[in-house]
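Participant: give me coordinates for this.
(chains A and B)
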Amino acid sequence: MSGADSGTNSGAIVGEHEEFHLRQALSAVLKEGAGLCVPPLDDDKLLARLLAVCAGFRNRPLLTPQELLAHAQGERCNEIFRQAVLEGFFSRNAVFFRDLTAFRFLQEKLQERLQGINQGINQGINQGINQGINQGINQGINQGINQGINQDRSTSSNSVANIPTRPIKVWSAACASGQEPLSLSILFHDLQKRSDISGLDFEIYASDISSRSLEKAKKGLYNNFDAQHGLSIGNLMSYFDEQAGGGFWQAKAFLLAGIKFFQHNLLHSPPSFLPRELDWIFIPHTFGNFDAAVAERVITRLASLLSADGWLVLSPRDAELALRAGFSEEALSCERGLFSRATFSYPDRISAKSLASDSSISPSPSPAFAEN
Amino acid sequence: MAKTCLVVDDSKIVRVMARKILEGLGFEVFDAENGQEALDFCIKSPPSCILLDWNMPVMNGLDFLKKVRGESVGKNIKIIFCTTQTDAESVKQGMSAGADEYIMKPFDEGVIKSKFSEVGLI
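Facilitator: Numbering: from 1, shown residues only, chains lettered A, B, ... in the order given. Alright, predicted model coming up:
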C-alpha cells in the first residue's frame, strides 16, 4: 500500500480468523466521539496506531483493535476505550506563537483598548483640574484652590472608577500541549510591562480533548527542541527556567498561574465556569480533520460565546466553514483566519437558544460498524 | 539579490542539512569549517547572516563572534548561534557576546524559520 488513499478502497484488514473494516469502524468512533474524520494515512499506519492504543491497556494484554473499536462506540460505549482511541488519533503539533497574524492582531487590539482607557483616565484628571480651577476663580482664590484640589481628586477618581476595566477573557479551545495559552500569557505579561499601558487584567482558559496533552500543558515543561519552536531566545530566557540537568525548560509559575486548564470535548456544552462573553477564542489548526457539518455547528457555538466585539481565531483554510457557520464575508476581509463577532448572525437552522441549552452536538449519521 | 548566509560548522552533515533548509528559504549559502575560515570570509565579503556553531577546531564560535563584532564589516551581520551548548549560562554568554538569536541543536526547518523570522531575515 503506498498512497494516503490506497487503503480507502479496500479498508479490510485480514487477520488470522477474521476480517474487519478498519476505516469504517474507526470512522464511526472518531466521528461519534469528537466529530473527527479518519486521518489520511494508509491502513498499515492506522492499524499501527490502534495497536499502540491497545498496548496502553496493560490489564488487557489480549485486547485487539477490533475489540477496542467495537467497545468504543454506540450506546453501550465504554468511555475509557473511546477516550483512548480519541487520544491516539487526535494529536496536533503545537508551536509557540504559531499564528503570528492572530497574535499581532490581538496585541494591536489590546493596545488600542488599553490606550483608550489610559486616555480616558488622563481626560478625567484634566477635566477635574480645569473644573476645580474655574470654580476656584469664582469663589475666591484661596477657597478655589482648595476646592479645585479636592474636586480634582474626587473627579479624577470618579473617572477612573467609571472606566470599564474588565479583564480580557481568552479561551484557547484546543490547546494541545500548552504552547498557545502560554504564548497568550507571555503576550499579556509583555504588555503589562509597558510603561504606556496600565490596567491590563486578563483571564486565560485553555482546554483540550486529550487528557495526555492537557497534563503536558499543565506542567509547562518542554525539551530543547519543542521550547524553541516559535519562541525567541529572549522569551525563553525571560519566561522559562532551565531544568536541573539540562535539556528541558520549565515555564515560570506566574505564567502558568494565569491559565485555567480543563478537559473539554468541543462537541459538548462548555463548562459553566467558562465566561459566556469571551473576548477572544483561539482554535486554529483544529477543524482540518473534522467532519464539516460538525465543525460548522461547533464554530456557531463558539461564536455564541463571544462578546459583541469579540474575535474568533481559526485557520485561514477554515474560512468556508466559518461562512457556513454564520460569519459574513466582511469578517474575512479583515485578517485571514480572524472572524469578528460583529459580523456574525445565527444561521436559520440554528437558534441562539438551542446553543445555550445544555446539549451536545450530534455528528451526522455514520455508517454502522459492521462486525464480521 | 538573494540574501547570503554563511554556515559555520565543523560537521559536514550539519552544513549540508542547513544549506538545504536555507536554500529552500531563498538564501545563497556559503560554508566554513571553523571560526578562522569564517572570519576570513566575512572580511572579504560579509554575508547577510551567519549560522554559527560553537565548538569547532582552530577558532571556536564564541571567539569568532567576539572578533567579527570587533570588525567594522561584522557589526550589522545577523548572527545566530546553532550549537549543542544548550545550558542557560552558555545562552547568556553567547547572547552577551553579540549573537542575535540562539538555536539549540538538534534543529529542523521549523526552528530555522522561527529564529530567522525573529531577527527579520525572512
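Participant: got the buried residues for the helix or strand that contains A:Ala206?
Facilitator: With elements taken from DSSP states H and E, the one containing A:Ala206 is strand A:202-208. Within strand A:202-208, the residues that qualify as buried are A:202-208, counting by 16 or more other CB atoms under 10 Å in any protein chain shown. For glycine as for every other residue, the C-beta is placed from the backbone atoms N, C-alpha and C.
Participant: how about CSV for the residues you listed, with distance to chain B and pLDDT added?
Facilitator: Shown next, in CSV, are the buried residues of strand A:202-208 (distance: CB to the nearest CB, whole Å; pLDDT from 0 to 100):
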residue, distance to chain B, pLDDT
A:Phe202, 24, 94
A:Glu203, 28, 97
A:Ile204, 22, 98
A:Tyr205, 26, 98
A:Ala206, 22, 98
A:Ser207, 25, 97
A:Asp208, 21, 95
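Participant: count the neighbours of the closest residue to A:Phe225 other than its chain neighbours for me.
Facilitator: Excluding its sequence neighbours, the residue lying closest to A:Phe225 (CB to CB, 6 or more residues apart in numbering or on different chains) is B:Pro106, at 6.3 Å. As a burial measure, B:Pro106 scores 12 neighbours (other CB atoms under 10 Å in any protein chain shown).
Participant: and B:Pro106, helix, strand or coil?
Facilitator: Secondary structure assignment for B:Pro106 (DSSP: H, G, I helix; E, B strand; the rest coil): coil.
Participant: mind giving me the packing neighbours of the helix ranked longest in chain B?
Facilitator: If you go by DSSP state H, chain B has its longest helix at helix B:12-24. Helix B:12-24 is packed against strand B:4-8, strand B:28-32, helix B:109-118, with contacts defined by 3 or more CB pairs under 8 Å, 6 or more residues apart in numbering or on different chains; DSSP states H and E.
Participant: contact partners of that helix?
Facilitator: For helix B:12-24, the external contacting residues (CB atoms under 8 Å, 6 or more residues apart in numbering or on different chains) are B:5, B:7, B:9, B:29, B:31, B:51, B:53, B:82, B:105, B:108-109, B:112.
Participant: distance check, A:Ile80 against A:Ser210.
Facilitator: As defined by CB to CB, to the nearest Å, A:Ile80 lies at a distance of 14 Å from A:Ser210.
Participant: residue numbers of chain B in contact with chain A?
Facilitator: Proximity of chain B to chain A, by CB under 8 Å from any CB of the partner chain, involves residues B:86-88, B:91-92, B:95, B:101-104, B:106-108, B:110-111, B:114-115, B:117-118.
Participant: 7 Å - rerun?
Facilitator: Taking CB under 7 Å from any CB of the partner chain as the test, the list of chain B residues beside chain A reads B:86-88, B:91, B:95, B:101-104, B:106, B:110-111, B:114, B:118.
Participant: so the residue nearest the centre of chain B: helix, strand or coil?
Facilitator: The central residue of chain B, meaning the one whose C-alpha is nearest the mean C-alpha position (CA atoms, centre = their mean), is B:Leu51 at 1.8 Å. The assignment at B:Leu51 comes out as strand when based on three-state DSSP.
Participant: what does the pLDDT read for it?
Facilitator: Taken from the predicted model, the pLDDT recorded for B:Leu51 is 98.
Participant: same question for B:Gly61.
Facilitator: In this model, B:Gly61 is scored at 98, pLDDT.
Participant: what's near enough to touch it?
Facilitator: Taking CB atoms under 7 Å, 6 or more residues apart in numbering or on different chains as the criterion, B:Gly61 is in contact with B:8, B:35, B:52-54, B:81, B:83.
Participant: can you redo those as CSV with neighbour count?
Facilitator: Listed next are the contacts of B:Gly61 as CSV, based on neighbours: other CB atoms under 10 Å in any protein chain shown:
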residue, neighbour count
B:Val8, 30
B:Gly35, 26
B:Leu52, 28
B:Asp53, 27
B:Trp54, 25
B:Phe81, 28
B:Thr83, 24
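Participant: any idea how far A:Cys37 is from A:Ala295?
Facilitator: A:Ala295 is 10 Å from A:Cys37, where distance means CB to CB.
Participant: okay, those two: which has more neighbours?
Facilitator: A:Ala295 (26 against 17).
Participant: I'd say B:Ser114 and A:Gly230 touch.
Facilitator: Yes. Taking contact to mean CB atoms under 7 Å, the distance of 5.1 Å between B:Ser114 and A:Gly230 places them in contact.
Participant: report how many residues lie close to residue 63.
Facilitator: Since no chain was named, I'll use chain A. Counted with other CB under 10 Å, the burial measure for A:Leu63 works out to 19 neighbours.
Participant: oops, wrong one, chain B.
Facilitator: The burial metric for B:Asp63, expressed as a neighbour count using other CB under 10 Å, is 16.
Participant: before we move on, the earlier item: ok, the strand holding A:Ala206: who's next to it in the sheet?
Facilitator: On the basis of DSSP bridges, the sheet neighbours of strand A:202-208 come out as strand A:168-172 (parallel), strand A:259-263 (parallel).
Participant: now the element after that strand, going C-ward?
Facilitator: The helix or strand immediately downstream of strand A:202-208 is helix A:211-219, counting by DSSP H and E.
Participant: list the buried ones in the helix or strand following that following helix?
Facilitator: Using DSSP H and E, the helix or strand that directly follows helix A:211-219 along the chain is strand A:221-223. For strand A:221-223, burial by neighbour count (16+ other CB under 10 Å) applies to A:221-222.
Participant: in its sheet, what does strand A:221-223 sit against?
Facilitator: Sheet partners assigned to strand A:221-223 using DSSP bridges are listed as strand A:248-251 (antiparallel).
Participant: tell me how far the partner strand lies from the chain's centre.
Facilitator: Using CA atoms, centre = their mean, to the nearest Å, the distance from the centre of strand A:248-251 to the centre of the chain it belongs to is 22 Å.
Participant: all set, thanks.
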